[in-house]
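J.: Got a predicted structure here, sequence first:
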Amino acid sequence: MIKQISGFQPTGNLHLGNLLGAIRPLVEAQATADSIAMIVDLHALTMEHDPAAVRANTLEVATLLLAAGVDPRRTAIIANSQVPEHTELHYLLECTTGFGEAARMIQFKEKSAGGGPVRLSLLTYPVLMAADILVHGADHVPVGEDQSQHLELARTIAIRFNARYGETFTVPEGIRPESAARIMDLSDPTRKMSKSAPSAAGRIGLLDPPETIRRAISRAVTDTAGVVRHDPEHQPGVTNLLEILVACTGEKPGGFSSYGALKREVADVVVALLEPIRARYRELDPGYVRETLAEGRTRVRPAALATVRRARAAIGLCL
């Protein structure tokens with residue numbers, strides 16, 4: 001069975017774009033793929049952070065994954081900080097990666113351009129991301145445009161390591177699931193909905209109450225054309241609302257007489273989609289969620305340990 005791994009960073013709250021672009025495809029893949037849902041809490045340490053918030057957000061993400069339909073019997077849910085093989089392999093891969101390769105990663109360039117202190121981990125975390133993938137022998141990694149550069153680095157490192165030291169790693173392929181939807185920011189439809197956007201006004205959190213969702217959609221940017229049509233170039237805001245509607249319902253939208261009618265319909269379907277997730281989230285016991293993370297760690301560690309042992313032997317370390 002193909003092994004697939006999806007990562008979720010516990011910085012900020014998961015939003016509609018995460019659900020439609022990553023979580024739903026993960027749920028759909030459970031029947032045919034040996035999947036791992038990985039909460040990359042180690043990545044959250046690359047920037048200034050509140051330790052208590054990282055712990056709370058990690059638990060929240062795990063709970064939301066369960067509430068949205070990730071089945072821990074089929075998909076191991078883990079935090080990468082709880083699997084020490086991730087950090088051990090990280091160092092071994094750093095020993096096969098050039099400084100220039102890490103320094104030209106777009107996220108490092110963007111986040112370090114603002115001045116102020118920059119953590120070394122911000123430079124090296126793409127190599128940790130490579131370790132996150134390679135340690136589990138993943139065949140497929142669902143990836144969006146913003147992460148394609150990091151996946152390509154992981155592939156480059158794996159190919160180089162295999163060529164220098166012998167076949168050790170599976171070289172992963174990036175995939176774009178057919179059901180994955182690219183949801184844009186409601187207040188700036190030229191950019192993807194993101195947890196790190198300067199303003200929260202353009203995103204819909206998975207735990208937002210209905211009134212907050214309706215308010216955000218009612219204020220979504222449209223245009224002055226006054227015609228509801230799918231036109232990404234000239235009407236990106238309207239197009240985004242139409243694509244949200246299609247992604248939520250799986251059906252081609254009907255005609256709309258006004259932007260207001262479109263927004264009301266989008267708000268109705270989004271509220272209906274998220275309400276069961278919010279209800280299930282409230283039901284889940286934190287103790288059960290922690291047990292699920294522990295069970296996921298126990299399930300994946302033997303294979304991860306075997307990968308690290310192969311890498312240690314190949315690169316020249318004593319066993």
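T.: The structure has been received and is ready for your questions.

J.: Just name the shakiest helix or strand of the protein by mean pLDDT.
T.: Within the chain, confidence by mean pLDDT, DSSP states H and E is lowest for helix 106-112 among all helices and strands, at a mean of 78.

J.: and Gly255, how far is that from Val269?
T.: 16 Å (CB to CB, to the nearest Å). Using the backbone N, CA and C atoms, a C-beta is placed for each residue, glycine as well.

J.: between these two, which one's more packed in?
T.: Taking other CB atoms under 10 Å, Gly255 and Val269 do not tie; Val269 has more neighbours (17 against 8).

J.: I'd say that one and Leu242 touch.
T.: No - judged on CB atoms under 8 Å, Val269 makes no contact with Leu242 at a distance of 11.6 Å.

J.: wait, isn't Tyr259 in contact with Val227?
T.: No - in this structure, Tyr259 is not within contact of Val227 by CB under 8 Å, at 9.2 Å.

J.: Those two: which has the busier surroundings?
T.: Shown here are Tyr259 and Val227; by other CB under 10 Å, Tyr259 has more neighbours (19 against 11).

J.: Report the contact partners of the more buried one.
T.: Applying CB atoms under 8 Å, 6 or more residues apart in numbering to Tyr259 gives the contacts Thr222, Gly226, Val228, Val238.

J.: hmm, 6 Å instead?
T.: Thr222 (CB atoms under 6 Å, 6 or more residues apart in numbering).

J.: Ok, the one 4 residues further on next?
T.: Contacts were defined as CB under 6 Å, 6+ apart; by that measure Lys263 touches Ile217, Ser218.

J.: cutoff 8 Å now
T.: The contact partners of Lys263, by CB under 8 Å, 6+ apart, come to Ile217, Ser218, Ala220, Leu241.

J.: Just the buried subset of these, written out for PyMOL, thanks.
T.: If you want just the buried ones from the contacts of Lys263 in PyMOL, going by 16 or more other CB atoms under 10 Å, the selection is:
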select buried, resi 217+220+241
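
J.: Show me the two of the contacts of Lys263 that sit farthest apart.
T.: Ser218 and Leu241 (11.0 Å; CB to CB).

J.: related to what we said a few turns ago, sort out for me which of the contacts of Lys263 are in helices.
T.: The members of the contacts of Lys263 that map onto helices under DSSP state H are Ile217, Ser218, Leu241.

J.: got those as CSV, with distance to Arg73 and pLDDT columns?
T.: As requested, these are exported to CSV (distance: CB to CB, whole Å; pLDDT from 0 to 100):
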residue, distance to Arg73, pLDDT
Ile217, 35, 97
Ser218, 40, 96
Leu241, 37, 96
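
J.: could you dump those to CSV with distance to Leu20?
T.: Formatted as CSV, the ones in helices among the contacts of Lys263 follow (distance: CB to CB, whole Å):
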residue, distance to Leu20
Ile217, 14
Ser218, 20
Leu241, 13
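
J.: Start and end of stretch 100-113, how far apart?
T.: Start-to-end span of stretch 100-113 (CA to CA, to the nearest Å) is 16 Å.

J.: so where's the stretch 101-250 of the chain shaky on pLDDT?
T.: Low-confidence segments of the stretch 101-250 of the chain (pLDDT under 70): 198.

J.: Now do the strands for it: every range, in order, please.
T.: Per DSSP state E, counting those that start in this stretch, the stretch 101-250 of the chain carries strands over the ranges 140-142, 173-175.

J.: out of the ones you listed, nearest to Val300?
T.: Short answer: strand 140-142, nearest of these by CB to CB, at 15.4 Å.

J.: follow-up on the earlier one: which one of the contacts of Lys263 is nearest to Ala103?
T.: Ala220 (37.6 Å).

J.: OK, contacts around that closest one?
T.: When contacts are counted by CB under 8 Å, 6+ apart, Ala220 touches Leu186, Ser187, Pro189, Gly237, Asn240, Leu241, Lys263.

J.: right, so the strands of the stretch 101-250 of the chain: which one is the most enclosed?
T.: Highest mean neighbour count among these (mean count of other CB atoms under 10 Å): strand 140-142, with a mean of 21.

J.: Show me what that strand is packed up against.
T.: Using 3 or more CB pairs under 8 Å, 6 or more residues apart in numbering; DSSP states H and E, the elements in contact with strand 140-142 are strand 3-8, strand 173-175.
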